[in-house]
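Visitor: Sequence first, predicted model second:
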Amino acid sequence: MSQTDPAPADPHQETSRAAPQEQNKQNMKAFGKFVERITPWLFEVGSWSFGGLIAFTLLVVASLLTVGPVDPAIMVAMTAFALALPLDVAGLILLRLVQDLKRVGFEEEVVQVFHDVGFTVGEQMASPTALESLRKRRTGIVLGDSLGILALSGLLTLTGMTAALWHMAWWIGVVFFAMVMISLAMVIVAIITIQPRGSQEEKEYKRRYREEMTRQAKAQAKKNED
């Protein structure tokens with residue numbers, strides 16, 4: 001065998017590399033199933049969130065209108081709330097629209113209308129599997145867009161509220177913003193804490209995998225030096 005021939009692949013190394021990838025695929029699949037099951041709850045929470053932000057924004061804007069543009073802080077607050085309000089309305093409309101389309105069976109009605117007028121729809125497009133796949137895709141897109149809209153609207157609302165409190169005294173705005181960040185951190189810590197801990201076998205598997213990767217990296221580095 002010549003020196004240029006590649007060394008035979010170690011099946012144990014290939015298995016150790018493929019196992020984490022397969023586990024990641026299974027985790028992503030499980031996460032997708034989990035999101036699919038809690039989708040109705042996500043729609044309800046999103047609708048409550050957007051509805052609450054709309055009511056809060058209208059209430060604050062009504063108060064700020066009586067104050068008028070007395071200083072830059074009020075101008076910033078009014079601008080932030082003016083930008084957040086259309087986003088909240090758009091997010092609420094998106095969530096409600098998807099729920100209503102699913103409730104009335106919009107896709108089935110469209111297919112039935114085409115059949116009634118004598119237009120033949122492809123079997124693949126009219127099949128229950130295709131219609132369900134279309135609904136899942138639409139739901140995923142709307143949930144993703146709504147999450148982005150909610151994040152942007154929340155940031156604008158936070159900016160507007162901070163600026164409005166800054167009008168009263170600068171330190172009130174700073175303290176409010178700091179408390180919002182602390183509250184958010186507490187929520188994140190609580191969510192992470194209540195997550196189920198991995199089993200001892202899973203921890204041992206991850207430890208062995210890290211050790212194997214470290215050993216391979218050292219062996220490759222030593223081979224390169226030689």
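Guide: Perfect, I can see it now.

Visitor: Which element is encountered next along the chain beyond the least confident helix or strand in the chain by mean pLDDT?
Guide: Lowest by mean pLDDT, DSSP states H and E among the helices and strands of the chain is helix 123-126, with a mean of 51. Using DSSP states H and E, the helix or strand that follows helix 123-126 in sequence is helix 128-168.

Visitor: could you give the mean pLDDT of the helix or strand that that next one is followed by?
Guide: Reading on from helix 128-168 to the C-terminus, the next helix or strand found by DSSP H and E is helix 170-193. For helix 170-193, mean pLDDT rounds to 92.

Visitor: how much does helix 170-193 deviate in direction from helix 128-168?
Guide: 150 degrees (axes from the mean of the first three to the mean of the last three C-alpha atoms, to 10 degrees).

Visitor: Can you tell me which helices and strands helix 170-193 packs against?
Guide: helix 128-168 (3 or more C-beta pairs under 8 Å, 6 or more residues apart in numbering; DSSP states H and E). All C-beta atoms are positioned from the backbone trio N, CA, C, and that covers glycine.

Visitor: Now do the helix it packs on: which elements does it pack against?
Guide: Judged by 3+ C-beta pairs under 8 Å, 6+ apart, helix 128-168 is in contact with helix 39-67, helix 72-104, helix 106-116, helix 170-193.

Visitor: Just say which of those helices is most tucked in.
Guide: The highest mean neighbour count among the helices and strands packed on helix 128-168, using mean count of other C-beta atoms under 10 Å, belongs to helix 72-104: a mean of 17.

Visitor: Does anything pack onto it? Which helices or strands?
Guide: Counting contacts by 3+ C-beta pairs under 8 Å, 6+ apart, helix 72-104 is packed against helix 39-67, helix 128-168.

Visitor: which regions of the protein lie under the pLDDT threshold?
Guide: Residues of the chain meeting the criterion pLDDT under 70: 1-27, 30-31, 104-128, 130-131, 195-206, 209, 226.

Visitor: wait, isn't Thr157 in contact with Gly52?
Guide: No. The criterion here is C-beta atoms under 8 Å, and Thr157 misses it with Gly52 at 10.1 Å.

Visitor: want to throw the helices and strands packed on helix 72-104 into CSV with distance to Met181?
Guide: Formatted as CSV, these follow (distance: least, C-beta to C-beta, whole Å):
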stretch, distance to Met181
helix 39-67, 19
helix 128-168, 10
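
Visitor: Among the ones you listed, which comes closest to Ile188?
Guide: helix 128-168 (14.3 Å; C-beta to C-beta).
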